[in-house]
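**Student:** only geometry, no sequence info:
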Ligand code: ADP
C-alpha cells in the first residue's frame, strides 16, 4: 500500500511516500516558501498539487499534527468532527496547528475518497502522571483552559525508544530509557516500560532545554519584567523567547550547532559559553529523569545534533552516570517520524477494517 506522509508547516510541506508494510521509501521531498512574496507556490493547495504531480497511486495519507491536547491520545481517522476538534486545539497551539490543518484540508480536496489519518506529536506524552504535567499555578487554569505540560516530538521519542528495544533485543516493559531529541528544537523524554513519564517541553515547545533559538527554562518572572522594562507587546516578547534566544541569542553568532562548534574551536568565548550552557542543561535533565525513573538502562541520542555531533554527545555523557553501578547503554539512533506515522496509520486502518 502506498502511504503518503505529510508534514505541513506554515510555509513548507515536507513529504515522504512509503510502500507499506515493506517500509520502503519510494520518494521524498519538500516544497518551500509557500505563500511568501515572489514565490510561485501561492498556497498549501498548490504546494500539494506540485507534490501529487510527482507521485501517483496514493492509497492512504498520514498527517503530522503538532498539538492534540487531551483530546487525542491516539492516531485518528480524519473526518469533519476531527477537523473541528483540531481547529479547537489551535487556541492552545496557534503557531503550529493552523499550518497542519491547511495541509489536511488541501489533501481532502485533492485526494477525495482517500483515507487520512492524523498522528499527534503530543499523543505519546499523554501517559504522563498528573504530578508531572500539572504546573504550580491555580488548578482552575488547568480545568478551565487546559493549561498543563503536553510535551512534543512524541512520535520521534516513541520511534527511537522502540528502536532501542529492538537493537538491545529487550522488551520495552523491562527498560528505562532516556531519549534526547536534539535538533533545532530539543527535548528529552523519560520512557519507563515503553511509556512517556516525563518530558522537557511543556504547554508549548518553549520549555526545557536551551535550543537553537528558544530559551528553554527561565524564571517566569523575567517575562513580565522584560516586557515592562522594554515596553514589549506579548507578540514581541513571544518572538524574543522563540526566535532570538537560545544558542543564537547567547552566542550572537548562529543557531546552527556546526557554526557554533567551529566558532568555539577557534576561540570565540560566547560560542563556547552557548555550548557549555546547552550541554549543562541536557545533563541536568538526564539526572532528573534518572531520578524520576529510579535508574536508566539506555540513553538515546537522535535528530540533527544528537545523530551527528559526537563531541556534544561525549561532553553530555562525562560523569553523569558515575554514581551508577551498571552504566546505561548509550545509543545513537536516527529518528524517522514519517515512518512511525506510516506505521501508525497502517495500524489504525487495520483496526478499523
Ligand atoms: P530540525 O529540528 O529543524 O528538524 P535538525 O534535526 O535537522 O533540525 O537539526 C538541526 C541541528 O543539527 C543544527 O544545529 C545543525 O547544526 C545540526 N546538524 C544537522 N546536520 C548535521 C551534520 N550532518 N553534522 C553536524 N551537525 C548537524
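**Tutor:** Received the coordinates, thanks. A quick note: this is a predicted structure, and the numbers were derived from the prediction, not measured.
**Student:** list the residues that contact the residue of the chain found nearest the ligand.
**Tutor:** For the chain and the ligand, the shortest gap (C-beta to the nearest ligand atom) falls at residue 304, measuring 2.0 Å. Using the backbone N, CA and C atoms, a C-beta is placed for each residue, glycine as well. Neighbouring residues of residue 304 by C-beta atoms under 8 Å, 6 or more residues apart in numbering: 182-184, 257.
**Student:** can you give me the helices in the chain?
**Tutor:** Assigned by DSSP state H, the helices in the chain fall at 44-54, 80-89, 97-110, 130-133, 140-145, 154-168, 221-230, 234-243, 246-251, 257-265, 269-292, 303-308, 310-317, 337-352.
**Student:** any chance of these in CSV with distance to residue 202 and mean pLDDT as columns?
**Tutor:** Converted to CSV, the helices of the chain look like this (distance: least, C-beta to C-beta, whole Å; pLDDT from 0 to 100):
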stretch, distance to residue 202, mean pLDDT
helix 44-54, 28, 91
helix 80-89, 16, 91
helix 97-110, 16, 90
helix 130-133, 9, 98
helix 140-145, 13, 96
helix 154-168, 13, 98
helix 221-230, 14, 98
helix 234-243, 12, 95
helix 246-251, 15, 98
helix 257-265, 23, 96
helix 269-292, 13, 98
helix 303-308, 19, 97
helix 310-317, 21, 97
helix 337-352, 20, 95
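**Student:** any chance of those in JSON lines, plus distance to residue 324?
**Tutor:** Below are the helices of the chain laid out as JSON lines (distance: least, C-beta to C-beta, whole Å):
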{"stretch": "helix 44-54", "distance to residue 324": "48"}
{"stretch": "helix 80-89", "distance to residue 324": "40"}
{"stretch": "helix 97-110", "distance to residue 324": "40"}
{"stretch": "helix 130-133", "distance to residue 324": "22"}
{"stretch": "helix 140-145", "distance to residue 324": "35"}
{"stretch": "helix 154-168", "distance to residue 324": "17"}
{"stretch": "helix 221-230", "distance to residue 324": "35"}
{"stretch": "helix 234-243", "distance to residue 324": "35"}
{"stretch": "helix 246-251", "distance to residue 324": "30"}
{"stretch": "helix 257-265", "distance to residue 324": "28"}
{"stretch": "helix 269-292", "distance to residue 324": "8"}
{"stretch": "helix 303-308", "distance to residue 324": "21"}
{"stretch": "helix 310-317", "distance to residue 324": "12"}
{"stretch": "helix 337-352", "distance to residue 324": "30"}
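**Student:** which of those helices sits closest to residue 65?
**Tutor:** Each of the helices of the chain has some distance to residue 65 by C-beta to C-beta; the shortest is helix 97-110, at 4.6 Å.
**Student:** just the buried positions in the closest one, please.
**Tutor:** Buried residues in helix 97-110, counted by 16 or more other C-beta atoms under 10 Å: 97, 99-108.
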